[in-house]
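# any chance you can model this:
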Amino acid sequence: MNLSLFNRLKGSLYGSLLNLNPQDDHPATPLNRNSLLEITQTLGQTGPISEEQWDAIARKNPDKSSALLCWIPLALFWHDYPAARSDLLQSLMDKGWLSLADTFALQTWSQILTAILRERFYPEPDFFPSIPVSSSVTPLSVTMQAIHQRLPLSDVIQSVNDGSLSSAIALSLYCFIDTPTNFVLSLKRASQCPHSLVLPFTGALAGAYHGLIGIPLTWRLTIETLLSPAQLSEICDGFWQRWSGSLAPPSSLSATLLASPRVIQRRSHPPLISQSQYFP
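Numbering: from 1, shown residues only. As a prediction, this is how the structure comes out:
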């Protein structure tokens, strides 16, 4: 699917803000997403957050699920910088916010998000087992096996739903990877899961894969209950500009030109170009 990276980033952020009521299949927002919006705006304004900023958000969000929504924009911002992701996860684990299983689940989820953004995700069950996982029995390993065996969602929920963060992340991976080409079905299935974090993490993956244009317009309009379209677009634009570097051009250049690629794709033999060709 030929989409710009900006379209995928914006689709992922919009997808994480959606929620479905399984009774009427209309988007709703029962989970507090203020922390997600706050961290997205902070990343757009100042770039990577400090541990002090993270602690402040955690104090304002005693509900751990709402605070952990912050990982979605952080994973997007650092999708091309895995070392920064790993350092933050290690810090959160050291502070007792995450267990080892939670940390590993978020790392795996982030790897799949990166593969989608770089257009290296292949919509087939065999893709998921190719990611190295722990040999111990965890919700993630159980879900991996369920995807490979094509088990129904009800069986997966029964097997992994223990209320932990790792089980929520595992279920979000199942809901997306089992039906990656159908945005609506992925989110409707996620809405049937008991953990409130399954839906936003599924929506982030599906939104990245389908892009903003792949999210039904009627669903996107319901996000107005959180912010106006102009406000949300401004936050997403600032996030993109800060990540891409257009808000902090090199001081040695009098002008900076930035263009988003039409599509990110691997090149088997990229030419090596010396910077001396462009800078004296």
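# what's the longest helix seen in the chain in contact with?
Under DSSP state H, the helix in the chain containing the largest number of residues is helix 100-117. Here helix 100-117 makes contact (Cβ atoms under 8 Å, 6 or more residues apart in numbering) with 5, 8-9, 12, 71, 75-76, 79-80, 82, 85-86, 89-90, 92-93, 98, 121, 127-128, 131, 133-134, 138-140, 164-166, 169-170, 172-173, 177, 201, 204-205, 208-209, 264. Every residue, glycine included, has its C-beta placed from N, CA and C.
# what segments of the stretch 151-280 of the chain are helices?
In the stretch 151-280 of the chain, the helices defined using DSSP state H, counting those that start in this stretch lie at 153-160, 165-177, 183-190, 198-210, 217-221, 229-244.
# what is the orientation angle of the fourth one with helix 183-190?
For helix 198-210 against helix 183-190, the angle between stretch directions is 160 degrees (axes from the mean of the first three to the mean of the last three Cα atoms, to 10 degrees).
# just use 44 as the starting number from now, easier for me
Yes, from this point I'll number from 44; that puts the last item at helix 241-253.
# separation between Leu135 and Ala110?
Between Leu135 and Ala110 the computed distance is 10 Å (Cβ to Cβ, to the nearest Å).
# list the buried residues for the longest helix of the chain?
Under the neighbour-count criterion of 16 or more other Cβ atoms under 10 Å, helix 143-160 has 144-160 buried.
# just the angle for the next helix or strand after that helix relative to helix 196-203, thanks.
The helix or strand immediately downstream of helix 143-160 is helix 182-192, counting by DSSP states H and E. Orientation of helix 182-192 against helix 196-203 (the same axes, to 10 degrees) gives an angle of 150 degrees.
# and helix 182-192, what other elements does it pack with?
Counting by 3 or more Cβ pairs under 8 Å, 6 or more residues apart in numbering; DSSP states H and E, the packing neighbours recorded for helix 182-192 are helix 143-160, helix 196-203, helix 208-220.
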